[in-house]
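Peer 1: Turn this into a structure:
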Amino acid sequence: MGEGDVVSLFVLLLTMLERLGVIVTIAFVLTRFQFFQDLISHEKLGKKQQLIATLFFGVFGIIGTYLGVTLNTETNSFDRLVMNLTSEEAIVNSRVIGVVLAGLLGGYRMGIGAGLIAGVHRFTLGGFTGLSCGLAAILSGIIAGAFHRRSKRLNLGVAFSVGALAESVQMILILVVAKPFGNAVNLVENIGIPMIVANGVGSALFLLIINNVVKEKEKTSALQARETLRIADQTIHYLRKGITNASALSVCKILYKEMHASAVAITNKTNILAHVGLADDHHRAGSPLQTDSTREVMERGEMIVADGKSIHCVQKDCPLGAAVIAPLKQRGKTIGSLKFYFKSEKEISSVNLEMITGLSVLLSNQLEVAEADRAYQLAKEAEIKALQAQISPHFLFNSLNTIVSLIRIDPVKARKLLLSLSQFLRQNLSGTTTNMTSLQQELNHTKAYLTIEEARFVDKLTVLYDIDESVMTTQVPPLTLQPLVENAVKHGIRNMERDCIIHISIKMLGTSVEVKVEDNGDGIESKRLIDLGQKPLQSKTGSGLGLYNVNRRLRLTFGENAVLRIDSQPQKGTQITFLVPNGGKTND
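Peer 2: Alright, predicted model coming up:
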């Protein structure tokens, strides 16, 4: 190969690389299409999408053909325009890039499909290499399809190698198929190396541009997701209370600060709940919906973008020129709207729309959770009320038995006990209509009960109190202490003839208030102790319902840390303890 041939090869290579600039531009345009982004991220394409992608890459191969240069094998001269070829002419082109990328990204079907489109087109242009180049385009699709990896992203080395390999196969086919053979040899000697290098570089460069743009999109999506979650973390505290004027205002202030819109508003189906930003002089909380677009979102349940004309604000000089209005839903029904206002529609970007869509879904989910929490609280309160209602007749039955036994023996004392019982039941009834009461009220309630029970244990029962007055305002569920004392009286000391002692202790223990009821009675069998307070237990001496109800209500109100702890030894007595947060903070 002479010096002139080397110069020709170098000039041809520079020409080919120059044409790759157009390839880069087309690659960038391709990345704007969703189906192409799906290919890069290996998402499954439907048949229609596969067909569109195949046609796209096939057309890209045709463009690669027209971006080539014509070479006359007789004179070794180049022509930058590719038109109908004579029998001595061939095309130095980048057709293989489109076909190779189709196979690498979409597999055999797309590679062969794009190869057929580009190959048939090349064949129709004529020239002595028309058939061999047409066949080479199809083979390039098959080769690239073999390197398709659905589970892994392609690297630049693979793209370069497959592009160079496909072009090498084309050179071989030209030598085998093209006639006359002398022209084929001359052609391969002149264009082989430049085309192999240029198409390998072109394939790698195409993939590099695609990967960089897609990675940038992924980075943007990740930042957008992080921003959305950060906003959701700030708003969840307020929306736990449901969609109210106060919670809507707090959420709007957060969104207005984070989204940089001209104004942010939240509405229910009829009124504006909150509006922060421009036009707050007439878009006021509590006023009826101002725009027809909002009413349309309520009816359709879909996000819309409204310009100044379609907003139809009742105020003619309203500075809000565009809005994105998204529905807020619960259980699939639209209950309100989330509105982002802008001065003009030009300020609304695709990123804004994606963010608003995500925020609409997140806020709707938070409202769903808030509703579920409210339903849970209502159910919990209903269960507590039911448990408290069970305790009242339970105690009444035992108290009346005590008074009945005294009517003949001491009618005056029985009368006093009836008055005490009346006062006790009045307080007992109020306990079933309130969720919480103070430890002081519980202690008074218990003392009233013990006044009645002491009539049964004349000169036998001693009650000791160890009370820290500073914690007596701590809140607990009603009818919590008395059933524990009743359990000590009924099951602990009932068989004792004398020296019956019940010790009631209420004092601070660390950061909690400890309530303890202790007796020196018969104690509880170890096998019964395991389930006591965990479920009702049927036995000759009782059902365990009182302790179960107290334990259940403490768990529902304060959580697992507040459950009853029962320590008992036969013939030595029983100690029942529970802890509540100082002040009685409930487990919400």
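Peer 1: contacts, neighbours, all on C-alpha from now
Peer 2: Noted.
Peer 1: Let me see the contact set for the residue positioned nearest the centre of the chain.
Peer 2: The centroid of the chain falls nearest to Leu362 when counting by C-alpha atoms, centre = their mean (7.2 Å). Listed by C-alpha atoms under 8 Å, 6 or more residues apart in numbering, the contact set of Leu362 reads Ala232.
Peer 1: Please give the element, helix or strand, for it.
Peer 2: Per DSSP states H and E, Leu362 falls inside helix 350-407.
Peer 1: so where's the stretch 251-400 of the chain uncertain?
Peer 2: The stretch 251-400 of the chain contains residues with pLDDT under 70 at 308-310, 312, 314, 375-396, 398.
Peer 1: quick one: Leu359 from Ala274, how far?
Peer 2: Here Leu359 is placed at a distance of 17 Å from Ala274 (C-alpha to C-alpha, to the nearest Å).
Peer 1: tally of neighbours for the residue nearest to Arg240 when sequence neighbours are not counted?
Peer 2: Spatially, and ignoring its direct neighbours in sequence, Arg240 is nearest to Ala370 (4.6 Å; C-alpha to C-alpha, 6 or more residues apart in numbering). Residues near Ala370, counting by other C-alpha atoms under 10 Å, number 20.
Peer 1: My guess is Ala370 contacts His237. True?
Peer 2: No: in this structure, Ala370 is not within contact of His237 by C-alpha atoms under 8 Å, at 9.8 Å.
Peer 1: Tell me how many other residues surround Asn401.
Peer 2: Here the number of neighbours of Asn401 (other C-alpha under 10 Å) works out to 10.
Peer 1: my bad, Lys516
Peer 2: Neighbours of Lys516 under the rule other C-alpha under 10 Å: 22.
Peer 1: more neighbours, Leu359 and Ala274?
Peer 2: With neighbours defined as other C-alpha under 10 Å, Leu359 and Ala274 compare such that Ala274 has more, 26 against 22.
Peer 1: Look at that one and give its secondary structure.
Peer 2: Of the three states, Ala274 takes strand according to DSSP: H, G, I helix; E, B strand; the rest coil.
Peer 1: what's it in contact with, if anything?
Peer 2: Counting by C-alpha under 8 Å, 6+ apart, Ala274 touches Asn245, Ala248, Leu249, Cys252, Ala265, Ile266, Thr267, Arg284, Ala285, Gly286.
Peer 1: ok, now with 7 Å
Peer 2: Contacts for Ala274 (C-alpha atoms under 7 Å, 6 or more residues apart in numbering) come out as Asn245, Ala248, Leu249, Cys252, Ala265, Ile266, Thr267, Arg284, Ala285.
Peer 1: can I get the residues you listed in a markdown table with neighbour count and secondary structure?
Peer 2: A markdown table is the format used below for the contacts of Ala274 (neighbours: other C-alpha atoms under 10 Å; DSSP: H, G, I helix; E, B strand; the rest coil):
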| residue | neighbour count | secondary structure |
| --- | --- | --- |
| Asn245 | 17 | helix |
| Ala248 | 25 | helix |
| Leu249 | 21 | helix |
| Cys252 | 24 | helix |
| Ala265 | 27 | strand |
| Ile266 | 28 | strand |
| Thr267 | 27 | strand |
| Arg284 | 18 | coil |
| Ala285 | 20 | coil |
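Peer 1: want to throw those residues into CSV with distance to Glu189?
Peer 2: Listed next are the contacts of Ala274 as CSV, based on distance: C-alpha to C-alpha, whole Å:
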residue, distance to Glu189
Asn245, 80
Ala248, 75
Leu249, 76
Cys252, 71
Ala265, 71
Ile266, 72
Thr267, 75
Arg284, 80
Ala285, 80
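Peer 1: tell me which of the residues you listed is nearest to Leu419?
Peer 2: Looking at those and their distance to Leu419, the nearest is Asn245, at 49.9 Å (C-alpha to C-alpha).
Peer 1: Pull up the gap between the nearest residue to that closest one once chain neighbours are set aside and Arg415, please.
Peer 2: Once flanking residues are discounted, Asn245 sits nearest to Leu273: 4.9 Å by C-alpha to C-alpha, 6+ apart. For Leu273, the distance to Arg415 equals 60 Å [C-alpha to C-alpha].
Peer 1: These two: which is more packed in?
Peer 2: More neighbours surround Leu273 than the other of Leu273 and Arg415, with 27 against 14 (other C-alpha under 10 Å).
Peer 1: I figured the more buried one hits Arg284, correct?
Peer 2: No: using C-alpha atoms under 7 Å, Leu273 makes no contact with Arg284, being 8.1 Å away.
Peer 1: Show me what counts as buried in the helix or strand that contains Lys48.
Peer 2: Take DSSP H and E as the rule and Lys48 turns out to sit in helix 47-66. For helix 47-66, burial by neighbour count (16 or more other C-alpha atoms under 10 Å) applies to 49-50, 53-66.
Peer 1: Just to check, Glu345 is in contact with Asp307?
Peer 2: Yes: counting by C-alpha under 7 Å, Asp307 is a contact partner of Glu345 at 6.1 Å.
Peer 1: what is in contact with the two at once?
Peer 2: Gly321, Ala322.
Peer 1: Which one of these two is surrounded by more residues?
Peer 2: Asp307 (20 against 17).
Peer 1: Skipping its backbone neighbours, what lies nearest that one in space?
Peer 2: Asp307 sits nearest to Ala322 (C-alpha to C-alpha, 6+ apart), 4.2 Å away.
Peer 1: what about that neighbour, distance to Lys257?
Peer 2: In terms of C-alpha to C-alpha, Ala322 sits 18 Å off from Lys257.
Peer 1: more neighbours, these two?
Peer 2: In this view Ala322 and Lys257 are compared by other C-alpha under 10 Å, and Ala322 has more residues nearby, 23 against 13.
Peer 1: Just grab the bridge partners of that one for me.
Peer 2: Beta-bridge pairing for Ala322 (DSSP bridges): Asp307, Phe342.
Peer 1: can you check the one 5 residues further on too?
Peer 2: Each beta-bridge partner of Pro327 is listed here, defined by DSSP bridges: Ser337.
Peer 1: Neighbours of it, how many?
Peer 2: 29.
Peer 1: Surely it touches Ile304?
Peer 2: No: using C-alpha under 7 Å, Pro327 is not in contact with Ile304, being 9.1 Å away.
Peer 1: Assign a three-state SS to Val463, would you?
Peer 2: strand.
Peer 1: quick one, what contacts it?
Peer 2: Ile501, Ile502, His503.
Peer 1: May I have the beta-bridge partners of the closest residue to Glu454 other than its chain neighbours?
Peer 2: In this structure, Glu454 finds its nearest non-sequential neighbour in Leu461, 6.7 Å apart by C-alpha to C-alpha, 6+ apart. Legend: beta-bridge partners of Leu461 under DSSP bridges are Cys500.
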